[in-house]
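> Here's my sequence, what's the structure:
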Amino acid sequence: MTLDTRIYVHGPVDHREAFVKFNQLLGAHEGIRFRDEQDTTYRDGEWVTIPDGPWTLMNEPDQGLPGWLMLHYRPGAALRVPADVAACDEDCDPDCTGTYHRKACWLEISIDTAYSYSGPAGGCGDLHARLVAEFGKWLDGKGVRWSWMNEFTGEVHWGYEGLEELGAGGLKALEWFSFDVMPAIAARFAAED
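Modelled structure (predicted):
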């Protein structure tokens, strides 16, 4: 189980520069392995590239970093414009209010960390709160607006609001994982022996 925190960049920023900066915040070294690929979709029994579709620049997993970084972008353009996210689609409930639609943005950054993460500054929520704040400070220095989504609540916050709640949510997730999920898994394996 993982915490996936999303950061929405609402103004033009070079995706490569943002990727390098976020990797620095993660403590990545120059030899980090990554992929930069145009997104695909499953259509008629095969995976096909989406014409004029978005791209994903991401670190390869399992490199010892505290989180898995994925940056979604569209070369030379906004990832999603307001018209792209306003209308409901086939995945929406009949009473959809649009609250959970993807957000219009220039870039979308996803950082994914295991609930069981524990580092020098705390758990996964504390790590994500620090990363959001530090990356936000970098964007502020460029004069670019940004927001982020708290996966625990589904709420999107502008700037630094709500970061304390993110840290607390990470602690609750770790406790749930440690005291509910792991014992249930252990009991299941014990029963199978």
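> make it CA atoms for all contacts and neighbour counts henceforth
OK.
> ok, the closest residue to Thr49 other than its chain neighbours - contacts?
Once flanking residues are discounted, Thr49 sits nearest to Thr40: 4.2 Å by Cα to Cα, 6 or more residues apart in numbering. Counting by Cα atoms under 8 Å, 6 or more residues apart in numbering, Thr40 touches 47-50.
> ok, 6 Å please
48-50 (Cα atoms under 6 Å, 6 or more residues apart in numbering).
> so which one among those residues has the lowest pLDDT?
The member of the contacts of Thr40 with the lowest pLDDT is Ile50, at 82.
> For the closest residue to that residue other than its chain neighbours, what are phi and psi?
The spatially closest residue to Ile50, leaving aside those adjacent along the chain, is Thr40, at 5.4 Å (Cα to Cα, 6+ apart). With angles defined as degrees, to the nearest 10, Thr40 sits at phi -120, psi 170.
> now the one 3 residues further on
The phi and psi values for Arg43, taken as degrees, to the nearest 10, are phi -140, psi 130.
> ditto for Leu26
Dihedral angles for Leu26 - degrees, to the nearest 10 - are phi -80, psi -10.
> May I have the residues that are in contact with the residue lying closest to Asp39 once chain neighbours are set aside?
Closest residue to Asp39 apart from its sequence neighbours, by Cα to Cα, 6+ apart: Trp55 at 5.2 Å. By Cα under 6 Å, 6+ apart, Trp55 lies in contact with 37-39, 72-74.
> hang on, the earlier thing: so which of the contacts of Thr40 is surrounded by the most neighbours?
Highest neighbour count within these: Thr49, with 15 neighbours (other Cα atoms under 10 Å).
> Quick check: pLDDT value at the residue nearest to Thr49.
87.
> What of Pro75?
So, for Pro75, pLDDT stands at 92.
> Look up how far Arg16 lies from it.
Pro75 sits 10 Å away from Arg16, taking Cα to Cα, to the nearest Å as the criterion.
> so which strand or helix has the one residue sitting closest to the centre of the chain?
Geometric centre of the chain, nearest residue: Ser110, 2.0 Å, by Cα atoms, centre = their mean. Assigned by DSSP states H and E, Ser110 belongs to strand 107-114.
> how far is that strand from where the chain is centred?
Mean-position distance between strand 107-114 and its chain equals 2 Å (Cα atoms, centre = their mean, to the nearest Å).
> what's the answer for stretch 50-59, then?
Using Cα atoms, centre = their mean, the offset of stretch 50-59 from its chain centre is 15 Å.
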